[in-house]
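# generate coordinates for the sequence data below:
(chains A and B)
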Amino acid sequence: MLALLVAQNIAFYVIAALIVFGAIRVVTCKNLVHAALWLVLVLGGVAAQYILLAAEFVAITQVLVYLGAIIVLFLFGIMLTRSKTGTDTDLDHTGPKRVGAAIIGLLLFGLMGYALWDQYRDQEFGTLIVQRTAAVSDSIFSTYLLPFEVISVLLLAALIGAIVLARRD
Amino acid sequence: MLINQFLFLGAILFCIGVYGVLARRNLVLVLMSIELILNAVNINLVAFGAMWHATDPANLSGQVFALFVIAVAAAEVGVGLALVLMIYRNRQSIDADDVDLLKG
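Numbers count the residues shown, from 1 in each chain, chains lettered A, B, ... in the order given. Model prediction:
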């Protein structure tokens, strides 16, 4: 049991380091296509964290929707707006604005870190039970049926909206 | 594993995303940073869901909400990229600073 926990912790920290490194590359990279590819690393790492949290169905959905669809959408967006695919120095704001953004980010992290540490300190998860897909679907189609239907209508509206916005007249 | 491991990972990812939204000028990159923020929120939702699930096995709210967030994120990216395409078509640029018609 202890050995398993150690293995879980090592896996967590390795994946977390990859996620943070990839995320920093996404927001600092000078090349649009590379930024999209670093985003793949971040999203894949997040899927791996879901598996560590014993949430299989969300992990699979993450891979299908994010890695499968959203990254492709981003690459299409880059292609259709004829952005420079090589190094581009025009992607960021100028110096002072970036410093301001970094300060806001750090302040926000300080605030959230303080609140989280104050509340949870070293509280452990109980024994993580694998959350079966059947149980998730039961929950969606009983307790959360109405929000699920609303999401369906929202997706339809977004689909129609995107077509109307993007088509040429 | 500590709950805080996952919550802090979410917080770091969220702050990197906020930095990206504020510091990037290219609209596609701003949308990518928003994806980082949404993923940070999802990590938190699934972590809290796992915490609840350990005490109350019938409760799967965390995962269900994470799934809803993923669906809304997909809709958001679709509409967002359509808007970016519109801006590109009208102004031949996707630089956030060039969209300044409201400035007097």
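# when you work out contacts or count neighbours from here on, use the C-alpha atoms and nothing else.
Will do.
# now the most centrally placed residue in chain A: how far from chain B?
Of all residues in chain A, the one closest to the mean position by Cα atoms, centre = their mean is A:Leu43, 5.1 Å from it. Distance of A:Leu43 to chain B, given as Cα to the nearest Cα, to the nearest Å: 8 Å.
# repeat for A:Phe141
Using Cα to the nearest Cα, A:Phe141 is found at 10 Å from chain B.
# what's the local residue count around A:Val27?
27 (other Cα atoms under 10 Å in any protein chain shown).
# what about chain A, any weak spots by pLDDT?
Applying pLDDT under 70 to chain A flags residues A:1-2, A:85.
# tell me the domain boundaries of it?
Structurally, chain A divides into domains by automatic domain parsing as follows: A:1-90, A:93-122, A:132-169.
# return the most buried member of those.
Mean neighbour count (mean count of other Cα atoms under 10 Å in any protein chain shown) peaks for domain A:1-90 among the domains of chain A, with a mean of 18.
# please state the offset of it from the chain centre?
Its chain's C-alpha centre and that of domain A:1-90 lie 7 Å apart, by Cα atoms, centre = their mean, to the nearest Å.
# export stretch B:90-104 to CSV, keeping only CA atoms.
C-alpha atoms of stretch B:90-104 as CSV (Å, rounded to 0.1, in the frame of the first residue of the first chain):
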residue,chain,number,x,y,z
ASN,B,90,-12.4,42.4,-41.5
ARG,B,91,-9.0,43.8,-40.3
GLN,B,92,-6.4,41.4,-41.9
SER,B,93,-4.8,41.0,-38.4
ILE,B,94,-5.5,39.0,-35.2
ASP,B,95,-3.6,41.4,-33.0
ALA,B,96,-5.7,42.3,-30.0
ASP,B,97,-4.3,45.8,-30.1
ASP,B,98,-5.6,46.4,-33.6
VAL,B,99,-9.2,45.8,-32.5
ASP,B,100,-9.6,49.4,-31.2
LEU,B,101,-12.7,50.7,-33.0
LEU,B,102,-14.3,51.6,-29.6
LYS,B,103,-11.4,53.8,-28.7
GLY,B,104,-12.2,57.5,-29.5
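# what's it in contact with?
Defining contact as Cα atoms under 8 Å, 6 or more residues apart in numbering or on different chains, one finds that stretch B:90-104 is touched by A:81, A:91, B:25-28, B:84, B:87-88.
# is it true that the residue nearest to the centre of chain A touches A:Gly68?
No - the pair A:Leu43 and A:Gly68 does not pass the contact test of Cα atoms under 8 Å, sitting 10.6 Å apart.
# element containing A:Asp90?
For A:Asp90, there is no host helix or strand (DSSP states H and E).
# again with A:Ala17
Using DSSP H and E, the element containing A:Ala17 is helix A:2-28.
# cool, and B:Gly49?
helix B:27-55.
# could you do B:Val64 as well?
helix B:61-91.
# give me the buried positions along that helix.
For helix B:61-91, burial by neighbour count (16 or more other Cα atoms under 10 Å in any protein chain shown) applies to B:61-88.
# and it, how far out from the chain's middle?
Going by Cα atoms, centre = their mean, the spacing between the C-alpha centre of helix B:61-91 and its chain's C-alpha centre is 9 Å.
# look at the nearest residue to A:Asp122 once chain neighbours are set aside and say how many residues are nearby.
Nearest-residue entry for A:Asp122: B:Leu2, 6.0 Å, with adjacent residues in sequence omitted and distances by Cα to Cα, 6 or more residues apart in numbering or on different chains. A total of 14 residues lie near B:Leu2 under the criterion other Cα under 10 Å.
# what angle do the helix holding B:Gly49 and helix B:61-91 make?
Interaxial angle, helix B:27-55 versus helix B:61-91 (axes from the mean of the first three to the mean of the last three Cα atoms, to 10 degrees): 170 degrees.
# in helix B:27-55, which residues are buried?
Quick answer for helix B:27-55 (16+ other Cα under 10 Å): B:27-54.
# against chain A, which of these make the cut? List them.
Filtering the buried residues of helix B:27-55 for neighbours of chain A using Cα under 8 Å from any Cα of the partner chain leaves B:28-29, B:32-33, B:36, B:39, B:43, B:46-47, B:50-51, B:53-54.
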